[in-house]
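*Asks:* Provided below are the primary sequence and the corresponding predicted coordinates.
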Protein chains: 2
Amino acid sequence: MSFEVTILGSGGALPTLNRNSSAQYVNCSNKHLLIDCGEGTQMQMRKFGVHFQRLDIILISHLHGDHFFGLVGLLSTMRLLGRDGKLTIICPKGLPEIIRQQLEVGYGKLDFDIHYIELTGKEHQLVYEDKSIEILCFPLKHKIPTNGFLIKEKLKERKMKKDLLDHPLLKVEYIHRLKKGEDVIAENGTVLKSNYFTEEPAQPLSYAYCSDTAYAEKIVDCIKNATVLYHEATFLEQHKDLAKITQHSTSKQAATIAKMAGVKTLYMGHLSARYDETTSFINEAKEIFDNVFYVEDGMKIIVQ
Amino acid sequence: MSFEVTILGSGGALPTLNRNSSAQYVNCSNKHLLIDCGEGTQMQMRKFGVHFQRLDIILISHLHGDHFFGLVGLLSTMRLLGRDGKLTIICPKGLPEIIRQQLEVGYGKLDFDIHYIELTGKEHQLVYEDKSIEILCFPLKHKIPTNGFLIKEKLKERKMKKDLLDHPLLKVEYIHRLKKGEDVIAENGTVLKSNYFTEEPAQPLSYAYCSDTAYAEKIVDCIKNATVLYHEATFLEQHKDLAKITQHSTSKQAATIAKMAGVKTLYMGHLSARYDETTSFINEAKEIFDNVFYVEDGMKIIVQ
């Protein structure tokens, strides 16, 4: 199953010609998610070949405009294109009313159902689960209530050892139970051990999204050992005072969180419009954490 | 004084990669106006070199999203860039509350004043006037209350005839009154006739904006003899039934209105996303009105 992230907007509060406001498309085990939806996200989806109507879940981190001003336009376009499938939106309290009001003045009610899950920005909890993925939210440290998200594959079944598939006592109907970890008694009374016939499944992959946030060690436990961490790095070290005042992070701070959490790879984003290159961000981060990149609009991240 | 329009968005309800949602920047006698503000307008302004902070007045025709979803993002960017000058927004009733609510959840109050003038969509009246321009609104025919706008230069003063500037009886202090049309009595008792010393000023130029609207002859009187008419032409003649149902116009209908109103030039826009070229729009319109163009994003129109 694929686990891919497409960066739709990598900029900070002020969108620029090269960096749109925050938005990311995530395909995890064929579940289609959008995280944040700054102004222009629907155009970015067109540009980078992401289909609107496939989206199952939209996650909104917080109510600063660069993270949600594109949502009502996207929903409106979904409506015009005839969507009828249900959509889940996991978002801060208050957003559903804002969306409802804007759509109603123009169009009346939507033709498709939205299931809203409203967050206070204080919880660390499971907010979505199905047979293949789970999504947790956790509080970030920002000027207004803000959620981080952790998207995880579920632990898969154990895998049958291929060289034992023609074992004389094995029957097709035993396989399902053995993969679940159960031992099975064969017709002649022999116990077929799950441990013997199967091997450990691949470790579940996970993607952690932390934007916007000041340096906050409290999030480390929430994203421990994530495969990929996206952490904002709005500023360079020379502007760390500004980072503190605006409750954003520097790239060194992002790298420190990545190291403490033991993640495999760090991607940084949410670049302040004052910078026009990201090499210095990478250089500063690499002093602390080596496997680090800065995202660009249109970049694809394979979570592996 | 210049009178120029920059097309920021020429598309219909669904923005595409080449055509953004509706927005136009108008510079009329150094007054800076924005008409409509679909999603992504602030990015289009950056792209086409229009300065956010210069804007004096924003006009919103109606509350379908493709005409106003970009407004809150633009205001938010103005705030982040430190605007302190007052802004006038002329818009349908209900919009101020939508804007206020969205900004307040993220940022608290704006740091600059907005003077809202709210319209019902039923008036034909003067909505703005200063020493050099005036703006009228008038009702269009659409699914929800929708305003057309007419932006007009004011009639300028009469112009002094250059070859009479060295007339022996003329003094500098008479010129102002002669240009205003007053006759002046010279020191020796001679009456200096305004009509003799001055000539007619240039006829005031005007720009009429009609989007979105079904074919509506009632607007002809409101835009009579406009220099330039922008009239939506969402559909071709083959889709005229669709135009009727959705309360939009075909290019033939736009051309008919232009002809009846006796305008000098017609620009058509608000192209439905189903079409990928506009030659057929021009061909159909030219059967009725010859001086006609279809707008593109980034196009500049000189009103002359």
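*Replies:* Alright, I've got the coordinates.
*Asks:* in stretch A:207-224, which residues are buried?
*Replies:* By 16 or more other Cβ atoms under 10 Å in any protein chain shown, the buried positions in stretch A:207-224 come out as A:207-216, A:219-220, A:222-223. Any C-beta I mention is one placed from the backbone N, CA and C, and that applies to glycine too.
*Asks:* what do you get for stretch A:21-28?
*Replies:* By 16+ other Cβ under 10 Å, the buried positions in stretch A:21-28 come out as A:S21, A:S22, A:A23, A:Q24, A:Y25, A:V26, A:N27, A:C28.
*Asks:* okay, the buried residues of stretch A:207-224 in a markdown table with distance to chain B and secondary structure next?
*Replies:* Formatted as a markdown table, those follow (distance: Cβ to the nearest Cβ, whole Å; DSSP: H, G, I helix; E, B strand; the rest coil):
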| residue | distance to chain B | secondary structure |
| --- | --- | --- |
| A:Y207 | 25 | strand |
| A:A208 | 23 | strand |
| A:Y209 | 19 | strand |
| A:C210 | 19 | strand |
| A:S211 | 15 | coil |
| A:D212 | 11 | coil |
| A:T213 | 16 | coil |
| A:A214 | 17 | coil |
| A:Y215 | 22 | coil |
| A:A216 | 20 | coil |
| A:I219 | 21 | helix |
| A:V220 | 27 | helix |
| A:C222 | 24 | helix |
| A:I223 | 25 | helix |
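*Asks:* so A:S280 touches A:F235, yeah?
*Replies:* No: assessed by Cβ atoms under 8 Å, A:S280 is found out of contact with A:F235, at 10.6 Å.
*Asks:* more neighbours: those two, which one.
*Replies:* More crowded of A:S280 and A:F235, by other Cβ atoms under 10 Å in any protein chain shown: A:F235, with 26 against 14.
*Asks:* distance of the more buried one relative to B:L178?
*Replies:* 63 Å (Cβ to Cβ, to the nearest Å).
*Asks:* count the neighbours of the closest residue in space to A:G65 that isn't next to it in sequence for me.
*Replies:* With sequence-adjacent residues excluded and distances taken as Cβ to Cβ, 6 or more residues apart in numbering or on different chains, A:G65 is closest to B:S76, at 4.5 Å. Neighbour count for B:S76, taken as other Cβ under 10 Å: 24.
*Asks:* phi, psi for B:S76 please.
*Replies:* Recorded main-chain torsions at B:S76 are phi -60, psi -40, according to degrees, to the nearest 10.
*Asks:* flag every residue of chain A that's near chain B.
*Replies:* A:13-17, A:20-21, A:39-40, A:42-43, A:46-47, A:62-66, A:69-70, A:72-73, A:76-77, A:80-81, A:94-95, A:97-98, A:101-103, A:105-107, A:144 (Cβ under 8 Å from any Cβ of the partner chain).
*Asks:* follow-up on the earlier one: closest one of the buried residues of stretch A:207-224 to B:S194?
*Replies:* A:D212 (65.5 Å; Cβ to Cβ).
*Asks:* report pLDDT for that closest one.
*Replies:* According to the prediction, A:D212 has pLDDT 94.
*Asks:* hmm, back to that, out of the buried residues of stretch A:21-28, which are inside strands?
*Replies:* Among these, the members found in strands (DSSP state E) are A:A23, A:Q24, A:Y25, A:V26, A:N27, A:C28.
*Asks:* so the last one bridges to which residues?
*Replies:* As for beta bridges, A:C28 partners with A:F3, A:K31 under DSSP bridges.
*Asks:* same check on the first one?
*Replies:* As for beta bridges, A:A23 partners with A:G9, A:C37 under DSSP bridges.
*Asks:* so A:I117, which state does it fall into?
*Replies:* With DSSP: H, G, I helix; E, B strand; the rest coil as the basis, the three-state label of A:I117 is strand.
*Asks:* now do A:H167
*Replies:* Classified using three-state DSSP, A:H167 is coil.
*Asks:* now it, nearest residue through space, not along the chain?
*Replies:* Distances taken as Cβ to Cβ, 6+ apart put A:F197 closest to A:H167, at 7.4 Å, once the chain neighbours are dropped.
*Asks:* cool, A:L87 as well?
*Replies:* A:I114 (5.1 Å).
*Asks:* what about the one you found, how many neighbours?
*Replies:* 15.
*Asks:* could the buried residues of stretch A:21-28 be laid out in a markdown table, adding pLDDT?
*Replies:* As requested, the buried residues of stretch A:21-28 are exported to a markdown table (pLDDT from 0 to 100):
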| residue | pLDDT |
| --- | --- |
| A:S21 | 97 |
| A:S22 | 98 |
| A:A23 | 98 |
| A:Q24 | 98 |
| A:Y25 | 98 |
| A:V26 | 98 |
| A:N27 | 97 |
| A:C28 | 97 |
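*Asks:* just give me the closest of those residues to B:E187.
*Replies:* Proximity of the buried residues of stretch A:21-28 to B:E187, judged by Cβ to Cβ, is greatest for A:S21, which lies at 69.3 Å.
*Asks:* quick one, what contacts that closest one?
*Replies:* Residues near A:S21 by Cβ atoms under 8 Å, 6 or more residues apart in numbering or on different chains: A:9, A:11, A:13, A:15, A:38-41, A:65-67, A:69-70, B:73.
*Asks:* let's go with 10 Å and repeat that
*Replies:* Contacts for A:S21 (Cβ atoms under 10 Å, 6 or more residues apart in numbering or on different chains) come out as A:8-15, A:36-41, A:44, A:64-70, A:270, B:42-43, B:73.
*Asks:* where's the residue of the stretch 151-300 of chain A found nearest chain B, which helix or strand?
*Replies:* Nearest residue of the stretch 151-300 of chain A to chain B: A:A273, at 9.1 Å (Cβ to the nearest Cβ). According to DSSP states H and E, A:A273 maps onto no helix or strand at all.
*Asks:* burial check on it, number of neighbours?
*Replies:* Using other Cβ under 10 Å, A:A273 has 17 other residues around it.
*Asks:* again with A:G189
*Replies:* That count, for A:G189 with other Cβ under 10 Å as the rule, works out to 6.
*Asks:* one more: A:D290?
*Replies:* Counted with other Cβ under 10 Å, residues neighbouring A:D290 total 12.
*Asks:* now do the contacts for the residue in chain A sticking out farthest from the centre.
*Replies:* Distance from the C-alpha centroid of chain A, by Cα atoms, centre = their mean, peaks at A:N188 (49.6 Å). By Cβ under 10 Å, 6+ apart, the contact set of A:N188 is A:P168, A:L169.
*Asks:* tell me the SS of it?
*Replies:* Put simply, A:N188 is coil when judged by three-state DSSP.
*Asks:* and it, how far from A:L165?
*Replies:* Distance, A:N188 to A:L165, by Cβ to Cβ: 19 Å.
*Asks:* apart from its chain neighbours, what residue comes closest to A:K159?
*Replies:* In space, and not counting its chain neighbours, A:K159 is closest to A:E199: 5.3 Å by Cβ to Cβ, 6+ apart.
*Asks:* and the helices in the stretch 201-304 of chain A?
*Replies:* Counting by DSSP state H, counting those that start in this stretch, the segments of the stretch 201-304 of chain A that form helices are A:240-246, A:251-261, A:279-286.
*Asks:* what would the ones you listed look like in TSV with mean pLDDT?
*Replies:* Shown next, in TSV, are the helices of the stretch 201-304 of chain A (pLDDT from 0 to 100):
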stretch	mean pLDDT
helix A:240-246	97
helix A:251-261	98
helix A:279-286	98
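*Asks:* just name the most buried of the ones you listed.
*Replies:* helix A:251-261 (a mean of 24; mean count of other Cβ atoms under 10 Å in any protein chain shown).
*Asks:* compute the inter-axis angle for that one and helix A:279-286.
*Replies:* On the basis of axes from the mean of the first three to the mean of the last three Cα atoms, to 10 degrees, helix A:251-261 is oriented at 30 degrees to helix A:279-286.
*Asks:* show me chain A divided up by domain.
*Replies:* Per the record, chain A has its domains at A:3-156+A:202-302, A:159-199, by automatic domain parsing.
*Asks:* how far off centre is the shortest one?
*Replies:* Averaging C-alpha positions (Cα atoms, centre = their mean, to the nearest Å) puts domain A:159-199 36 Å from its chain's average.
*Asks:* A:P145 touches A:H62, doesn't it?
*Replies:* Yes: using Cβ atoms under 10 Å, A:P145 is in contact with A:H62, at 6.5 Å.
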